[in-house]
Structures are given as structure tokens and as C-alpha cells.
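> Here is my input; please provide its structure:
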Amino acid sequence: MTSSKKRELRVVLDANVWISALLWGGKPAEIIKSAENRRVSLFTSEEIMMEISSVLAYPRLAKAYQGSGLRREDLVETVLRIGRFVKVKEKVKVVGDHPADDKFLECAFAAGADYIVSGDKHLLKIICHRKTKILSVNDFLQVIEGES
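The predicted model follows:
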């Protein structure tokens, strides 16, 4: 007896994708919905969570969610609820133009991720690291559609 159930895609979202999804919805939020529907598994790490929390503290972003009655802690809690937390065991130096982005590759390796989804030009130009493909939101949504 064989199972027709496909393996969930393992995905690391860049902080910019998480924040866009949480604050403005749109296409990044479709990825979050896919995780809630168990079509993909999203992974995060301590360093990614620190970046998300830090960026959400920017005054112009705080205005965007505080007007809706949300707090930064609520948004961070949402990421922790949806994402699976991994402990990074190996540091890399791959993103020469922007070393701060290495944290996404480290998380992807620790999670055994199939994809990193980002809007960051430094990450997108890498295309693939080890077995993890790096795609834009639009390109990843096409992958999800192809899996349906």
C-alpha cells in the first residue's frame, strides 16, 4: 500500500517575507496560509527571530500594526506559532555582499530546507546553496501550485 501524500516542502522565509505577510498580506501571506494548511513547513532560528523582532520595532512599521491594535509581541508570537524552531549548528560565510544574510542559509541547512524564500537581492543571486534553492515569493508560489 503506497501513500499518495506528498512530502511537505521545508522552507525558510527571509525576515522581509514574514514581515510583509504579517503586515500587508498579499502573496507572502499565501505562503503562511500554505503552512497553516500543512502544504509547507516553515522553519526559523534564533537569529531570524531576532531580526524580525528588531525590524518590527522600526517606527514606520510599528505605526502600521499598532493602528490595528497589534503589538510587536503578538506578531513575533505568530511567527513562533507557525514556524518550527531549529538550532543552527553550523555557521557559513556565503553571502559576501551582505554577511547578515548568512543566517538564512544556516537555518536552511539546520532544517534540511528545500527552499529559502526571499525578496533580498543578495540571497536571490546565490540561487542555490547545498540542496536549498533560493526563490522569490512569486517563484515559490509557482512551485506550490505545481505541487497541487
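
> what comes up buried for stretch 139-148?
140-141, 143-144 (16 or more other CB atoms under 10 Å). (C-beta placed from N, C-alpha, C; glycine too.)

> And the contacts of that stretch?
Defining contact as CB atoms under 8 Å, 6 or more residues apart in numbering, one finds that stretch 139-148 is touched by 6, 9, 11, 27, 30-31, 34, 39-40, 115, 117, 135.

> try it again with 10 Å
Stretch 139-148 is contacted from outside by 6-9, 11, 13, 17, 27-28, 30-31, 34, 39-40, 114-118, 124, 133-136, using CB atoms under 10 Å, 6 or more residues apart in numbering.

> Quick check: mean pLDDT of that stretch?
On average, the pLDDT along stretch 139-148 is 90.

> swap in stretch 110-118?
Across stretch 110-118, the average pLDDT comes to 98.

> again with stretch 35-53
Computed over stretch 35-53, the average pLDDT equals 96.

> Out of the buried residues of stretch 139-148, name the ones that lie in helices.
Judged by DSSP state H, helices contain the following of the buried residues of stretch 139-148: 140-141, 143-144.

> That concludes my questions; thank you for your assistance.
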